[in-house]
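Chemist: A predicted structure for the sequence below; I have some questions about it.
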Amino acid sequence: MKKKVIIISSVVIGLLIVAYFLFFRGDSKETKFSYVQISRGDLNVIISSSGTIQAIKTVDVGTQVSGKIDRLLVDFNSQVRKGQLLAVIDTVVLAASLRDAQSSLDRAKAQYDQAVAVHERNKQLFEKKFMNEVDFIASKTNVQVLLATQKSAVTALDRAKLNLNYAYIYSPISGTIINRSVEQGQTVAASLSAPTIFTIAEDLSLMRILTNVDESDIGQIKVGQKVQFTVQAQQGKKFDGEVTQIRLNPNVVSNVVNYVVVVQADNKERLLLPGMTATVDFYVDYREKVLLVPNVALRFQPTEEMTAEYAKNREKEIANLPDSVKKRMQQFGGGQFNQGATSNGGGQFMGMGGGGNNSGRRRNASRVWYYDENNKLQMSMVFAGLTDGKNTEIVRGRNLKEGMKVISGIIENQTSTTTTSTNPFNPTQQGGNRGPGGGFVRGF
């Protein structure tokens, strides 16, 4: 008997569970929405690029003479002054060349003095007819040749003095040694070009960034434009800069024409180092304290049931309007919800979107869907302004205000079907994103 009661009770409980799922759970199935909020804030339209940080002015210090580095007086990161001695090349050979040049000059002077004395004597002999004209001309020419030899010796001596002076390498500017290419005892050879020994940055408190901007964006870049940039070495910190130059010489990278834009930035804290890669944002346009709607709400596509519900609500609202208002609405498009326009994410009403005068506005027009305080589904036309890819400026929107929640998607417990956005304001997108509770959100 007891076993029979247990069996009957189990059957009854099973039937109740099945009935619950069949009647109650099945009938309670309703559409759930995800929402985003309309806010008020600042909107920045930016163009992103990347570039390399450099000092404003750098000088490569080399040598004009060959020889062994005898002394190095500075190292990496040394602060130097203009005219400060940086290095000395071995002067033994150069000093010997100087002495040799001095000896050559002394010999040239002695030969010249001798030739002058001989020529003065020959001149007297020629005047007294004791020397023929040919010998006299040869004596005069010898004086001129030796004079030229003396001048050449003077030049060689000056050159030897300069070469000896070039062995002492001085700083041409005040700044910081950011590179040293030689070691003490190393031999440098100055042949066709001067080898670089030091690289000096004049002022590291002011840096520049050389960025490549695509030809499609270069028209929006202006001298004096505000710039913000980041570097990987300073995570989370943004630096301010300013466009100082747009170079006209184009660079072709992967068949894309780019132009070099020079950005200048302060570096008083010495956080920016030469050679760092900077991610640069150029502020092209700016809006302050405007209504913003997330772009996901503009991409939302209503279902046919939502469209029908909204049309029914609009018909009831229009039916309660005075006759004078109805006539005026009929003059501007009939005042009826146009069912034939649902492929755009909703119909047209009260003349919005109709008529040739609004064709320019329709290019920046979209719609948002929401429930009002009476829990009625509503749709509002939105005339959009600037967008940063995430939020869009609301230039004009019916019944839209700050803090208002608008529909961004439909949360479904079943497998989401592929939807296609046909909104003219937004690019076509397919598929869905995961929503809360493991469902899918349509309209993204």
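Modeler: Received, thanks. Computed from a prediction, not measured in an experiment: that's the story for all the values here.
Chemist: how about low-confidence regions in the protein?
Modeler: Within the chain, the stretches with pLDDT under 70 are 1-12, 14-31, 192, 324-326, 328-363, 412-444.
Chemist: If you count contacts, what does the longest helix along the chain end up packed against?
Modeler: Taking DSSP state H as the criterion, the chain has its longest helix at helix 92-127. Here helix 92-127 touches helix 133-166, going by 3 or more C-beta pairs under 8 Å, 6 or more residues apart in numbering; DSSP states H and E. The way it works is simple: take the backbone N, C-alpha and C, and place the C-beta from them, glycine included.
Chemist: Can you tell me the SS state at A278?
Modeler: The three-state label given to A278 by DSSP: H, G, I helix; E, B strand; the rest coil is strand.
Chemist: Contact partners for it?
Modeler: With contacts defined as C-beta atoms under 8 Å, 6 or more residues apart in numbering, A278 is in contact with 50-53, 209, 211, 229-231, 239.
Chemist: Go again with 10 Å.
Modeler: For A278, the contact set (C-beta atoms under 10 Å, 6 or more residues apart in numbering) comprises 49-53, 207, 209-211, 227, 229-232, 239, 241, 263, 265, 272.
Chemist: measure the closest residue to it other than its chain neighbours to Q264 for me?
Modeler: Spatially, and ignoring its direct neighbours in sequence, A278 is nearest to F229 (4.4 Å; C-beta to C-beta, 6 or more residues apart in numbering). Summarising the geometry, the distance separating F229 from Q264, computed by C-beta to C-beta, to the nearest Å, is 11 Å.
Chemist: ok, those two, which is more surrounded?
Modeler: F229 (25 against 15; other C-beta atoms under 10 Å).
Chemist: tell me the SS of the residue nearest in space to the middle of the chain?
Modeler: Residue closest to the average C-alpha location in the chain (C-alpha atoms, centre = their mean): S49, at 2.6 Å. Classification of S49 using three-state DSSP returns strand.
Chemist: Equivalent analysis for S366, please.
Modeler: The three-state label given to S366 by three-state DSSP is strand.
Chemist: Show me what it is bridged to.
Modeler: For S366, the beta-bridge assignment (DSSP bridges) gives partners V382.
Chemist: Please apply the same query to V59.
Modeler: I200.
Chemist: just the helices in the protein please.
Modeler: 2-19, 26-27, 92-127, 133-166, 295-298, 304-319, 323-331, 359-362.
Chemist: List just the one of these that sits closest to K401.
Modeler: K401 lies closest, by C-beta to C-beta, to one member of the helices of the chain: helix 295-298, at 14.3 Å.
Chemist: Can you spell out which helices and strands pack onto the closest one?
Modeler: Judged by 3 or more C-beta pairs under 10 Å, 6 or more residues apart in numbering; DSSP states H and E, the packing partners of helix 295-298 are strand 32-37, strand 365-371, strand 377-387, strand 391-397, strand 405-412.
Chemist: And the fourth one, what's buried?
Modeler: Of the residues in strand 391-397, 391-395, 397 count as buried by neighbour count, 16 or more other C-beta atoms under 10 Å.
Chemist: Out of those, which is nearest to Q144?
Modeler: Using C-beta to C-beta, the shortest approach to Q144 within the buried residues of strand 391-397 belongs to E393, at 88.3 Å.
Chemist: was I right about the closest one contacting T387?
Modeler: Yes. In terms of C-beta atoms under 10 Å, E393 counts as a neighbour of T387; the distance is 7.0 Å.
Chemist: Overlap in contacts, those two.
Modeler: Common neighbours of E393 and T387, using C-beta under 10 Å, 6+ apart, are 43, 45, 292-293.
Chemist: Can you pull the domain assignment for the chain?
Modeler: The chain breaks down into these structural domains: 32-43+291-442, 46-56+201-287, 65-89+167-200, 91-166 (assignment by automatic domain parsing).
Chemist: Any chance of TSV for these, columns distance to I13?
Modeler: Listed next are these as TSV, based on distance: least, C-beta to C-beta, whole Å:
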stretch	distance to I13
domain 32-43+291-442	26
domain 46-56+201-287	59
domain 65-89+167-200	83
domain 91-166	105
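Chemist: beta partners of the residue nearest to I46 when sequence neighbours are not counted?
Modeler: Spatially, and ignoring its direct neighbours in sequence, I46 is nearest to D281 (4.4 Å; C-beta to C-beta, 6+ apart). Beta-bridge pairing of D281 under DSSP bridges involves S48, Q228.
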